[in-house]
Every structure is written in structure tokens, then in C-alpha cells.
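Engineer: 3D model of this:
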Amino acid sequence: MIGRIFASGLSVAVVLTGAATAQQIESSYTDLDLNVDCTVMQSDDFGSTWACAGLKGMPVMVAEGDLRMFVSYGLTSTTEKAAKQTLPPFNRLGDRIEWRVSNAEGHWKPFATILRVFTRREGTETEGQVLVVTKLAPGATCHIAYVDALANPDANDLARKAADEKASDFDCDKDEPEFVGKFEAWER
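Structural biologist: Alright, predicted model coming up:
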């Protein structure tokens, strides 16, 4: 924090420069291992649902159906749009969630996540990798961007930029997730 303290008699004033009062954004990470970090909530022949603890205990809901994964966040995770969003190809999840956190409200609070999803590429044995950027807000948790992690050497930076710049204004009811950078993970 950059600032100066001026003392005059009994009064003390703190003058903060712009950099000290500006919003800061950082990353925090949690592991995502369905066999270790999560509890099976439901399972049948058609799929399973797990409850996991995310950053500072924030609920993370993971579901699998038709060989595709769905991930949602928060106390209302099962009713959020993200709970119904997945990628078109068969896929599996990476083992780490990157949480984008901000101190805009005076305390560190997550506003988006970035999760690596491995996708099946048609006609090949190699997997694609997509960074899924999800907005976090009660009643408005949804995918906001997709970044092809193999087609873009700066994929992590692109995903962070998408989270930082798009999450606050993204309307989950009206807006569609954006494909950021080069995208070759599947045919769109």
C-alpha cells in the first residue's frame, strides 16, 4: 500500500495514492479430485453428482452425464445455469480450480473460476484442452469464456483476462460464452 501519514498535533491523516485504493485481483487455487476431495451425492446408471469444497469452503457441484462434466459453484450451485453447461465433446475435468479473487468490496472474494477441461477430439487419439471461465455470483453463475489451451501459448493469461474483464458485466440470461483466441478444440 502506497501512502503517506501526516501528523499535526493530535490529528493524523492518511493520504492514499490511486494505486493503493485500486481494486486488486489475484489467483488462488484448490484441488479437485472427485475421489479424495468430494462426496458422492447421487449416482445411477446415467451419471453421478458430487459435492466438493472449493475456496474457503465455497460449495462446488460436479456432475457427470453422457461422458460430459458439469461444474457449478455456490450455495445455489444445483440451480445455477453453470449446472447445465458443459462442452459438446466427451470430456473430463482437470485436477485444479483457479479462483480469480478481488478485494473490491474490502475483502478477498472470488468472482470467477478457471478450470481445465480435457476434451475428446474426433478422429484422433489426442485430447484437447479447454480453459472454461465461469462467472461466480448468486443467481448468475455461468460460463463466460472458453480458451483452447493447446492452440494458444498464452492460454492462462487469456483466460485470466477474460475473467477479469468480462465477469462483472456478463449477463448469464442474455450473453453467450465467448471463444477467446485461436480455437481448435472442436468444431463450432
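Engineer: residues of the host helix or strand of Phe179 that come out buried?
Structural biologist: Element membership for Phe179, per DSSP states H and E: strand 178-180. Neighbour-count burial for strand 178-180, counted by 16 or more other CB atoms under 10 Å, picks out Val180. (Each C-beta comes from the backbone N, C-alpha and C, glycine too.)
Engineer: the nearest residue to Asp164 once chain neighbours are set aside pairs with what?
Structural biologist: Closest residue to Asp164 in three dimensions, ignoring its sequence neighbours and counting by CB to CB, 6 or more residues apart in numbering: Ile25, at 5.5 Å. Beta-bridge pairing for Ile25 (DSSP bridges): Ser102.
Engineer: quick one, what contacts Ile25?
Structural biologist: Contacts here follow CB atoms under 8 Å, 6 or more residues apart in numbering; on that basis Ile25 touches 100-102, 164.
Engineer: the strand holding Phe179 pairs with which strands?
Structural biologist: Going by DSSP bridges, the partners of strand 178-180 are strand 142-148 (parallel).
Engineer: with just CA atoms, put the strand it pairs with into PDB.
Structural biologist: What follows is strand 142-148, C-alpha atoms only, in PDB (Å, rounded to 0.1, in the frame of the first residue of the first chain):
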ATOM      1  CA  CYS A 142     -22.400 -19.400 -15.700                       C
ATOM      2  CA  HIS A 143     -19.700 -20.000 -18.400                       C
ATOM      3  CA  ILE A 144     -18.400 -16.700 -19.800                       C
ATOM      4  CA  ALA A 145     -15.500 -17.800 -22.000                       C
ATOM      5  CA  TYR A 146     -13.600 -20.800 -23.500                       C
ATOM      6  CA  VAL A 147      -9.900 -20.700 -24.300                       C
ATOM      7  CA  ASP A 148      -8.200 -23.500 -26.200                       C
END
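Engineer: and it, how far out from the chain's middle?
Structural biologist: The chain centre lies 9 Å from the centre of strand 142-148; the measure is CA atoms, centre = their mean, to the nearest Å.
Engineer: in that strand, which residues are buried?
Structural biologist: 142-148.
Engineer: middle-most residue in the protein, spatially?
Structural biologist: In the chain, the residue lying closest to the centroid (CA atoms, centre = their mean) is Thr113, at 1.3 Å.
Engineer: Ala140 contacts Asp169, doesn't it?
Structural biologist: No: the pair Ala140 / Asp169 is not scored as a contact, 11.0 Å apart, by CB atoms under 8 Å.
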